[in-house]
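[1] sequence first, then the predicted structure, then my questions.
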Amino acid sequence: MTEITNNTDPRLLPARSDIASVSLKGKVRADRFVEPLRCTVTTSLAPLHSSPDPSSQLSSQLLYGDEFDEFEKKNGWSWGQGLRDGYVGYVPTESLTSTTSTPNFLVSVPATHIYEAPDLKSPIRSWLPMGASLSIEEKSERVGYVELENQGWVFFEHLHPLSYKSDMIHTATTFLGSPYLWGGCSSRGLDCSALIQIIARMAGQNIPRDTDLQEQSVGVELTGSSGTAPVGLQRGDLVFFPGHVGIMETDVKIIHANAYHMKTVVEPLEAVIKRLAQQHEEPITSVRRPKF
């Protein structure tokens, strides 16, 4: 879980004019301040919206097992803050439970199924995205499957212990071809910053959700890296563009989820620079080198 720092960014501030977190009392104005109810996401994905309306723009998605501090429950929506990255918004209440547990495994493949029985031919109850956190009793293993909190069975080889750290580039390549989805956070649809957030999570780090926040905080910035032709790039460097981010697969090729191809691709960095140079004088805003 990431430590949440309250600031004035509305994406990360659990405060409205009528209600706010009790932790913000004396810092913001609100009609009332409340203690949160700690909840856990129980659906594969839980959409996070900026307003309690399913037709509103998708802000992000919470993953199965994510913790969520609920400050208000009304008309089928829960308003609160996800604890993995601090994002604030409205989540369908049906995706949450007030029961919490201590996770010890993460889903380590782009997607896996939850089966009714420990048998690949049994009916599928649901699915789980990469990065979903699970509480598993290893003693429950049966013929290569483990029981998921009495909800079904998951193939054990699709899980890694919470302490396991995956290679970011290897993880990124598993998303190649995944469709682009603004606000999406899984192989069924994701955006550029979600790709970086997910592969960082699998490398053992929880980082901010959005590109601008990642550009401010992840790793260290390489000097002289902005403009059109950065030098000295390495595998794993994060390249930031106006409102966009990707990760270098090699010193010349980049992996990124993008709206141009409407999917996650690997392509020469030069090709990306050439496209963006038609709109921006300096297509690259910075390059940062992760330290994990």
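    Structure's in. What do you need?

[2] SS state for the residue in the chain sticking out farthest from the centre?
    Residue farthest from the centre of the chain, counting by CA atoms, centre = their mean, is residue 31 at 31.8 Å. For residue 31, the assignment made with DSSP: H, G, I helix; E, B strand; the rest coil gives coil.

[3] how about residue 183?
    Three-state call for residue 183 (three-state DSSP): coil.

[4] spit out the contact partners of it.
    By CB atoms under 8 Å, 6 or more residues apart in numbering, the contact set of residue 183 is 47, 48, 57, 58, 59, 60, 61, 191, 194. For glycine as for every other residue, the C-beta is placed from the backbone atoms N, C-alpha and C.

[5] excluding chain neighbours, what is closest to residue 276?
    Leaving aside its sequence neighbours, residue 276 sits nearest to residue 283 (CB to CB, 6 or more residues apart in numbering; 3.6 Å).

[6] tell me the mean pLDDT for the biggest strand by length in the chain?
    The longest strand of the chain (DSSP state E) is strand 67-74. For strand 67-74, the mean pLDDT works out to 98.

[7] for that strand, buried residues please.
    Neighbour-count burial for strand 67-74, counted by 16 or more other CB atoms under 10 Å, picks out 67, 68, 69, 70, 71, 72.

[8] same check on stretch 49-64?
    By 16+ other CB under 10 Å, the buried positions in stretch 49-64 come out as 49, 50, 52, 58, 59, 60, 61, 62, 63, 64.

[9] please flag which of those sit within strands.
    Among these, the members falling in strands (DSSP E) are 49, 58, 59, 60, 61, 62, 63.

[10] give me the number of residues near residue 156?
    Residues near residue 156, counting by other CB atoms under 10 Å, number 17.

[11] where does the closest residue to it other than its chain neighbours fall, helix, sheet strand or coil?
    In this structure, residue 156 finds its nearest non-sequential neighbour in residue 146, 4.9 Å apart by CB to CB, 6+ apart. Following three-state DSSP, residue 146 is assigned to strand.
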